[in-house]
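Participant: pasting the structure only:
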Ligand code: SF4
């Protein structure tokens, strides 16, 4: 096993028997994570719970396990399945330039007939555009929750918003389906209408998701708000300590109006794979997505 420290990141090789994992996510049949850990180190990362299972003592964002797996034997068995790349890491971390794990994975899935969804905060995906164009149903999603580069830099170590927007445009122009994932929406800070204006001509889908504060990072985020955005402290207290959801219900109503104004479909669940009319992306309402699904897991929302 190779272990090293590069640019302050502890990197080691790990063997895994099967790279394809059945997913419990609402969006995916399988989730595939070519790495364990994520050097973007987002302060709000829901995946930071992974640290518990890996034995790492380094902070989230400061370690990376590089997976090695036997080549996928029968890729056709994933035909028609959605395969999500990067649910608890980013397949296009800076380390991917040398390591090429994600590229290798895509090559193994080429011709499988699987529907590929790549979730990223990087523009390195541009490297693989030729391969992606040969893969049939592919979607690339960028998480963008602000147009303010200072706030972005406070929250993550990924590439700038401008680079993400440029990459989205190039991938869209290459004929590949794109998503602007406006997530997590920070109350008072994320201006989803301004982001929508920037991306509406270069994406097929706009996903909206609220900031969820759980676990270890809740206090860190609340402290950050108190320091940098003290005027929002009462709002965050109401939402995250008193469970008041009215802010996000109002946002939902604003999103519905925005969709109507721009003649965009507004849905609360995924539609079958397809391209949107240019300038009219489908807006998908994922506010409180996990909690609002019904108990029979039919994918329908409960009425509020
Ligand atoms: S890019 Fe995603 S997986 Fe990586 S640290 Fe950020 S939220 Fe977590």
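Facilitator: Arrived safely. Keep in mind that what you see is a predicted model, and the values were worked out from it rather than measured.

Participant: Report how many residues lie close to the closest residue to the ligand within the stretch 151-300 of the chain.
Facilitator: Across the stretch 151-300 of the chain, no residue is closer to the ligand than residue 156, which sits at 5.7 Å (C-beta to the nearest ligand atom). For glycine as for every other residue, the C-beta is placed from the backbone atoms N, C-alpha and C. Using other C-beta atoms under 10 Å, the number of residues around residue 156 comes to 20.

Participant: likewise residue 197?
Facilitator: With other C-beta under 10 Å as criterion, residue 197 counts 13.

Participant: Could you confirm it falls within a strand?
Facilitator: No. The assignment for residue 197 (DSSP: H, G, I helix; E, B strand; the rest coil) gives helix, which keeps it out of a strand.

Participant: Let me see the contact set for it.
Facilitator: Taking C-beta atoms under 8 Å, 6 or more residues apart in numbering as the criterion, residue 197 is in contact with no other residue.

Participant: gap between it and residue 281?
Facilitator: To residue 281, residue 197 is 12 Å away according to C-beta to C-beta, to the nearest Å.

Participant: cool, residue 192 as well?
Facilitator: Using C-beta to C-beta, one gets 13 Å for the distance from residue 192 to residue 281.

Participant: ok, now residue 196?
Facilitator: 8 Å.

Participant: Please enumerate the shared neighbours of the two.
Facilitator: 180, 206.

Participant: Pick out whichever of these two has more residues nearby.
Facilitator: A side-by-side neighbour count of residue 196 and residue 281, using other C-beta under 10 Å, places residue 281 first with 26 against 21.

Participant: Buried residues, stretch 133-148. List them.
Facilitator: 135, 138-147 (16 or more other C-beta atoms under 10 Å).

Participant: I'd like the list of those residues that fall within strands, please.
Facilitator: Those of the buried residues of stretch 133-148 mapping onto strands are 138-143, per DSSP state E.

Participant: I'd like those written out as a markdown table, with pLDDT and distance to residue 259 added.
Facilitator: What follows is these, written out as a markdown table (pLDDT from 0 to 100; distance: C-beta to C-beta, whole Å):
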| residue | pLDDT | distance to residue 259 |
| --- | --- | --- |
| 138 | 98 | 25 |
| 139 | 97 | 20 |
| 140 | 98 | 22 |
| 141 | 98 | 19 |
| 142 | 98 | 20 |
| 143 | 98 | 20 |
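
Participant: between those, which is closest to the ligand?
Facilitator: Ranked by distance to the ligand (C-beta to the nearest ligand atom), those are led by residue 143 at 6.7 Å.

Participant: What residues does the closest one make contact with?
Facilitator: When contacts are counted by C-beta under 8 Å, 6+ apart, residue 143 touches 119-121, 181, 183.

Participant: I'd like the distance between it and residue 223.
Facilitator: Going from residue 143 to residue 223 by C-beta to C-beta gives 23 Å.

Participant: So which residues of this protein form helices?
Facilitator: 50-54, 96-99, 101-109, 129-133, 149-155, 161-173, 192-199, 217-228, 233-236, 246-261, 289-292 (DSSP state H).

Participant: what's the closest of the ones you listed to residue 15?
Facilitator: helix 101-109 (13.0 Å; C-beta to C-beta).

Participant: Does the closest one reach the ligand?
Facilitator: No. Remark: helix 101-109 sits outside contact range of the ligand, by C-beta under 6 Å from any ligand atom, the gap being at least 13.4 Å.

Participant: can you check stretch 37-55 too?
Facilitator: Yes. In terms of C-beta under 6 Å from any ligand atom, part of stretch 37-55 sits within range of the ligand, namely 38, 40-42, 45, 47.

Participant: what ranges of this protein fall below the confidence cut-off?
Facilitator: 25-28, 290-304 (pLDDT under 70).

Participant: remind me, longest strand of it?
Facilitator: The chain, longest strand under DSSP E: strand 177-185.

Participant: who does it pair up with?
Facilitator: strand 138-143 (parallel), strand 205-210 (parallel) (DSSP bridges).

Participant: would you list those strands in JSON lines and tack on distance to the ligand?
Facilitator: Below are the strands paired with strand 177-185 laid out as JSON lines (distance: least, C-beta to the nearest ligand atom, whole Å):
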{"stretch": "strand 138-143", "distance to the ligand": "7"}
{"stretch": "strand 205-210", "distance to the ligand": "12"}
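
Participant: from what I can see residue 226 touches residue 233, true?
Facilitator: Yes. Residue 226 sits in contact with residue 233 when judged by C-beta atoms under 8 Å, with a separation of 5.3 Å.

Participant: measure residue 36 to residue 134 for me?
Facilitator: Distance check for residue 36 against residue 134: by C-beta to C-beta, it reads 28 Å.
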